[in-house]
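In: Show me the folded form of this:
(one chain, ligands or ions: 1)
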Amino acid sequence: MSTRQNILVFRELPADQLARLQAAHSVTVADPKTDRAAFDAALPLAQALIGSSFPIDAAVLERAPALKVISSVSVGVDNYALAELHRRGILLCHTPGVLDETVADTVFALLMATSRRVVELSNLVREGRWTRNIGEEFFGFDVHGKTLGLLGFGRIGQAIARRAALGFGMPVRYHTRRPVDLAVQAPALLGHAEHRTLDALLAESDFVVAMLPLSDSTRGLIDARLFSRMKPGAIFINGGRGATVDEAALLAALDSGQLRAAGLDVFAKEPLPGESPLRTHPRVTPLPHIGSATHETRYAMNRLAVDNLLAALAGQRPAAVYDTAAA
Ligand SMILES: NC(=O)c1ccc[n+]([C@@H]2O[C@H](COP(=O)([O-])OP(=O)(O)OC[C@H]3O[C@@H](n4cnc5c(N)ncnc54)[C@H](O)[C@@H]3O)[C@@H](O)[C@H]2O)c1
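Out: Numbers count the residues shown, from 1 in each chain. This next block holds a predicted model:
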């Protein structure tokens, strides 16, 4: 590639990271959510894109004939038309690894909040309704020692498993298409985590945590059948992607009492529409997709995304390339 390339930044970057791009390339900043016209105007000459949280679909790619590389400030790649990127020979980079521990912390916050009713009981205090000692009707359920079932046992799933097994004494069950060789891939979990078929995991787990990417194989995967196989009174947590869950089936499972509670960081449609019953359901703890949203981690993700882009534009292999051929 020639030296100065046209980069289109489609989501705000920290000033120092933007400066790294500007030092070496011609940079246009245009967020399509707030200035679609500027984004569209920059597409035809863009050789590189960097950003997140906006669908780069076939229609966008069609208007970007010079595009060679996209650097996503995310680990999930469901916003990108993967087959089309592969067909056009466009490199896709993402940010695995740097957010694992932070997303696992967020998932654990949801485990604690749902089982110990943290938000509900904090509101009771704030609203002046704490007028006598708390009785059984406000008691929660223990987290420590309970069985955790993980749907999705990748980088983040394993970080959740470490917290559960090593910090909270929780037996961990996980479901993947093939068992993981723990001795090689997750030695800290040897003796703590066991592979299960999907139905066996659901039947055994007090907490079912979904940490799945969104793909053709996971869209709507967590449906009425799966909720019906969970232990009565189980708690369901979703930290992966909203569209892996049939939200109507989730609500039905909550209302029938099959599920005790749900903690959700992600939703099929985001921001969560005002009319969604999940917004105000008394046994749902909703979060506004904050899995990786800490100062340190968002900065690390932006820096890695800029590293990836600069390497690609210099003709080097970036540290984190997503294999679009395998999608
Ligand atoms: N809430 C947030 O803010 C947030 C933050 C980061 C990532 N995420 C989501 O979490 C996902 C997982 O991230 P990761 O880094 O752990 O990914 P990863 O690729 O390391 O792990 C994905 C796991 O899902 C499993 N999997 C994939 N398809 C499956 C299927 N059909 N059935 C069963 N298991 C299946 C894989 O085997 C693997 O264990 C991301 O793709 C992203 O969508 C959410």
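In: And the strands in the stretch 1-150 of the chain?
Out: Under the criterion DSSP state E, counting those that start in this stretch, strands of the stretch 1-150 of the chain are mapped to 6-9, 26-29, 48-51, 69-72, 91-93, 148-151.
In: Which one, of those strands, ends up nearest to the ligand?
Out: The ligand lies closest to strand 148-151 among these, at 6.2 Å (Cβ to the nearest ligand atom). (Each C-beta comes from the backbone N, C-alpha and C, glycine too.)
In: tell me what that closest one is packed against?
Out: In this structure, strand 148-151 makes packing contacts with helix 155-162, strand 172-175, helix 198-204, strand 207-210, judged by 3 or more Cβ pairs under 8 Å, 6 or more residues apart in numbering; DSSP states H and E.
In: Of the ones you listed, flag the one that's most buried.
Out: strand 207-210 (a mean of 28; mean count of other Cβ atoms under 10 Å).
In: and stretch 239-256, anywhere near the ligand?
Out: Yes. Applying Cβ under 6 Å from any ligand atom, one finds stretch 239-256 touching the ligand at Gly239, Gly240, Arg241.
In: hmm, back to that, please tabulate the strands of the stretch 1-150 of the chain in a markdown table and include distance to the ligand, mean pLDDT and mean neighbour count as additional columns.
Out: Output for those, formatted as a markdown table (distance: least, Cβ to the nearest ligand atom, whole Å; pLDDT from 0 to 100; neighbours: other Cβ atoms under 10 Å):
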| stretch | distance to the ligand | mean pLDDT | mean neighbour count |
| --- | --- | --- | --- |
| strand 6-9 | 21 | 98 | 23 |
| strand 26-29 | 23 | 98 | 18 |
| strand 48-51 | 16 | 98 | 26 |
| strand 69-72 | 11 | 98 | 28 |
| strand 91-93 | 13 | 98 | 23 |
| strand 148-151 | 6 | 98 | 27 |
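In: the domain parsing of this protein - what is it?
Out: Segmentation of the chain into domains, based on automatic domain parsing, reads 6-98+296-326, 100-286.
In: chain center to the shortest one, what's the gap?
Out: Using Cα atoms, centre = their mean, to the nearest Å, we find the averaged C-alpha position of domain 6-98+296-326 to lie 18 Å away from the chain's own average C-alpha position.
In: give me every residue that touches the residue of the stretch 51-200 of the chain found nearest the ligand.
Out: The ligand sits closest to Gly154 of the stretch 51-200 of the chain, with a gap of 1.7 Å, by Cβ to the nearest ligand atom. The contact partners of Gly154, by Cβ atoms under 8 Å, 6 or more residues apart in numbering, come to Met211, Pro213.
In: re the thing from before, TSV for the helices and strands packed on strand 148-151, including mean pLDDT?
Out: Output for the helices and strands packed on strand 148-151, formatted as TSV (pLDDT from 0 to 100):
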stretch	mean pLDDT
helix 155-162	98
strand 172-175	98
helix 198-204	98
strand 207-210	98
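In: So which bits of the protein are right by the ligand?
Out: Residues of the chain lying near the ligand (Cβ under 6 Å from any ligand atom): 75-76, 96, 99, 103, 152-157, 176-177, 211-215, 217-218, 239-241, 265-266, 289, 291-292.
In: Let me know which of the strands of the stretch 1-150 of the chain is the nearest to Asn123.
Out: Among these, strand 148-151 comes nearest to Asn123, with 26.8 Å by Cβ to Cβ.
In: Just checking: what are the partner strands of the closest one?
Out: Using DSSP bridges, strand 148-151 pairs in its sheet with strand 172-175 (parallel), strand 207-210 (parallel).
In: ok, and the closest non-adjacent residue to Gly140?
Out: The shortest distance from Gly140 to any non-neighbouring residue, by Cβ to Cβ, 6 or more residues apart in numbering, is to Arg116 (4.0 Å).
In: Identify the residues contacting the one you found.
Out: Gly140, Phe141, Val143 are the contacts of Arg116 under Cβ under 8 Å, 6+ apart.
In: And the pLDDT at the nearest residue to Leu221 once chain neighbours are set aside?
Out: What sits nearest to Leu221 in space, not counting adjacent residues and going by Cβ to Cβ, 6+ apart, is Thr244, at 5.4 Å. As predicted, Thr244 sits at a pLDDT of 98.
In: isn't Thr244 right next to Asp223, touching?
Out: No. Thr244 lies out of contact with Asp223 (Cβ atoms under 8 Å); the separation is 9.8 Å.
In: Those two: who's more crowded?
Out: Neighbours were counted for Thr244 and for Asp223 using other Cβ atoms under 10 Å; Thr244 has more, 25 against 14.
In: contacting residues around the more buried one?
Out: Ala210, Leu212, Leu214, Thr218, Arg219, Gly220, Leu221, Ile222, Asn238.
In: sorry, back to before: please tabulate the strands paired with strand 148-151 in TSV and include distance to Leu166 as additional columns.
Out: Below are those laid out as TSV (distance: least, Cβ to Cβ, whole Å):
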stretch	distance to Leu166
strand 172-175	10
strand 207-210	16
